[in-house]
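Colleague: Turn this into a structure:
(one chain, ligands or ions: 1)
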Amino acid sequence: MPHENKALPAIPLIANLLALTEEGLGQLVQQFEWPRYRTSQILRWLYQRRARTIAQMTDLSQKDRAQLAATATISRTEHCTVLTSTDGTRKLLLTLDDGLRIETVLIPDEERLTLCVSTQVGCMLDCGFCLTGTMGLKRNLKAHEIVDQVLTAQDHLTGEEGLTNLVFMGMGEPLANIDALSTAIRCLTNQSWGLGWSPRRITVSTAGLAARLKDVAALGVNLAISLNGTTEEQRQQLMPAVSQIASLKTLIAACRRYPLAPTRRLTFEYVLLAGVNDRNEDAHRLIKLLKGLRCKVNLIPFNEFQGNPFRRPTDRTVRTFQAILTQAGLDAFIRKSRGRDVLGACGQLGNLSSGDASPALTQIEPRC
Ligand code: SAH
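Modeller: I've put the predicted structure just below:
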């Protein structure tokens, strides 16, 4: 079919195989006049076997591997530093092609091993209580840079370990990078050549980009909303940028319209800030706001960081807040703060410019 090949768009001389979609790789395979099944064969090498070189693809003939290597490479994160917390949380610092760095955090908890994945370098929303926001937005991550965090984390697991949950709660606002996020999630959930993740074990968190909630529904993954305030004023004070994009009223209305599957529920995250949003009246307003929504609440006691004026409430205040919610029939959980000593806890990602210096660092392991 040589005349058909002419119609194909030109393939760049050196393509990163991980940056190609299934269709893109299919075109390359077609251009080489290889059988079609070769596309999924190569994809399986990339995602299921985490090949770092084309030479590793041993079920392709030497000749085919040479032909592929003349056109393409596999560009995985070259450098990764692991910071291990005293509680077992591991923060992975990955250096991207352009030298920028991102963080991804492995959080073991009883039976679970959760990976907290970044979607942007920095963040444009600059919520008042979040360290990532202070760096501003450097750029969106590409789909393969999002998937690479999962592959690299898997490379670092010991024999008995396996990831059980993926949460898009790392650096950045996932819904501000929805195209790359969607491509990455399709790759993670693809059963035939991808990583075979069940969408039920994946959660995407948003600071409140109300108009894009429906895009999360289309992916079939769980949705978490970082609420953090119960009045327009509180949200405007704590999360000014995202409040400009969607008011609290608009956000809650979008949650009420959300096409929630019968066995699922929404998660609302609520960072507790001492004296700001942790009072009894805040808890009562939260109950009212969420009335009739199938949901649970994750309470996150504020993780302090240098230069930030907010304070963490006492454990007693946190438990009282939780008790008010549960007494009203709302499921409320207190999120354990994990990895605080390596600045790997919620809202602590992104102090990359300070040379990653972290006072209570227990171990630094350059790897990859
Ligand atoms: N931008 C998305 C994804 C980041 S998730 C979002 O906002 O949902 C990070 C979670 O940690 C959010 O729920 C956020 O409200 C919370 N968070 C941010 N800074 C924090 C801090 N210093 N302490 C505790 N939680 C924080």
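
Colleague: which one is residue 256 nearest to, not counting chain neighbours?
Modeller: Computed as C-beta to C-beta, 6 or more residues apart in numbering, the closest residue to residue 256 that is not its neighbour in sequence is residue 293, at 6.6 Å. In short, each C-beta sits where N, CA and C put it, glycine included.

Colleague: and the gap between the one you found and the ligand?
Modeller: 17 Å (C-beta to the nearest ligand atom, to the nearest Å).

Colleague: unless I'm mixing things up, that residue is touching residue 266, no?
Modeller: Yes. Using C-beta atoms under 8 Å, residue 293 is in contact with residue 266, at 6.3 Å.

Colleague: Need the overlap of contacts for these two.
Modeller: Common neighbours of residue 293 and residue 266, using C-beta atoms under 8 Å, 6 or more residues apart in numbering, are residue 255.

Colleague: More neighbours: those two, which one.
Modeller: residue 266 (19 against 16; other C-beta atoms under 10 Å).

Colleague: Show me where the protein has its helices.
Modeller: 2-6, 22-31, 38-47, 62-69, 143-155, 178-189, 213-219, 232-238, 240-245, 248-257, 280-290, 315-327 (DSSP state H).

Colleague: what residues are up against the residue of the stretch 201-350 of the chain found nearest the ligand?
Modeller: Minimum separation of the stretch 201-350 of the chain from the ligand (C-beta to the nearest ligand atom) falls at residue 347, amounting to 1.8 Å. Residue 347 makes contact with 129-132, 271, 300, 302-303, 305, according to C-beta under 8 Å, 6+ apart.

Colleague: Give me the nearest residue to residue 228, chain neighbours excluded.
Modeller: Spatial nearest neighbour of residue 228, excluding adjacent residues (C-beta to C-beta, 6+ apart): residue 271 at 5.0 Å.

Colleague: Determine the number of other residues adjacent to that neighbour.
Modeller: When neighbours are counted by other C-beta under 10 Å, residue 271 registers 27.

Colleague: now the one 10 residues further on
Modeller: Residue 281 has 10 neighbouring residues, counting by other C-beta under 10 Å.

Colleague: In this structure residue 256 contacts residue 291, no?
Modeller: No. Using C-beta under 8 Å as the test, residue 256 is too far from residue 291 to be in contact (10.3 Å).

Colleague: could you dump the helices of the chain to CSV with distance to residue 75 and mean pLDDT?
Modeller: Below are the helices of the chain laid out as CSV (distance: least, C-beta to C-beta, whole Å; pLDDT from 0 to 100):
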stretch, distance to residue 75, mean pLDDT
helix 2-6, 26, 48
helix 22-31, 14, 94
helix 38-47, 11, 98
helix 62-69, 13, 96
helix 143-155, 8, 97
helix 178-189, 15, 98
helix 213-219, 25, 97
helix 232-238, 39, 98
helix 240-245, 33, 98
helix 248-257, 37, 98
helix 280-290, 44, 98
helix 315-327, 44, 98
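
Colleague: Go through the ones you listed and name the closest to residue 16.
Modeller: With C-beta to C-beta as the measure, helix 143-155 is the member of the helices of the chain nearest residue 16 (7.0 Å).

Colleague: is the ligand contacted by the closest one?
Modeller: No. Helix 143-155 lies out of reach of the ligand by C-beta under 6 Å from any ligand atom, never closer than 13.1 Å.

Colleague: so that helix versus helix 178-189, what angle?
Modeller: With axes from the mean of the first three to the mean of the last three C-alpha atoms, to 10 degrees defining the directions, helix 143-155 sits at 40 degrees from helix 178-189.

Colleague: re earlier: spit out the contact partners of the residue nearest to residue 256.
Modeller: 255-256, 266.

Colleague: Hmm, residue 44 and residue 56 touching each other?
Modeller: No. Residue 56 lies out of contact with residue 44 (C-beta under 8 Å); the separation is 11.9 Å.

Colleague: When those two are compared, which one has more neighbours?
Modeller: Neighbours were counted for residue 56 and for residue 44 using other C-beta under 10 Å; residue 44 has more, 16 against 13.

Colleague: Next to the ligand, which bits of the stretch 201-350 of the chain? Give me the list.
Modeller: The stretch 201-350 of the chain comes close to the ligand at residues 205-207, 226, 228, 269, 271, 300, 302-303, 346-347, as judged by C-beta under 6 Å from any ligand atom.

Colleague: can we see that at 5 Å?
Modeller: 205, 207, 226, 269, 271, 300, 302-303, 346-347 (C-beta under 5 Å from any ligand atom).
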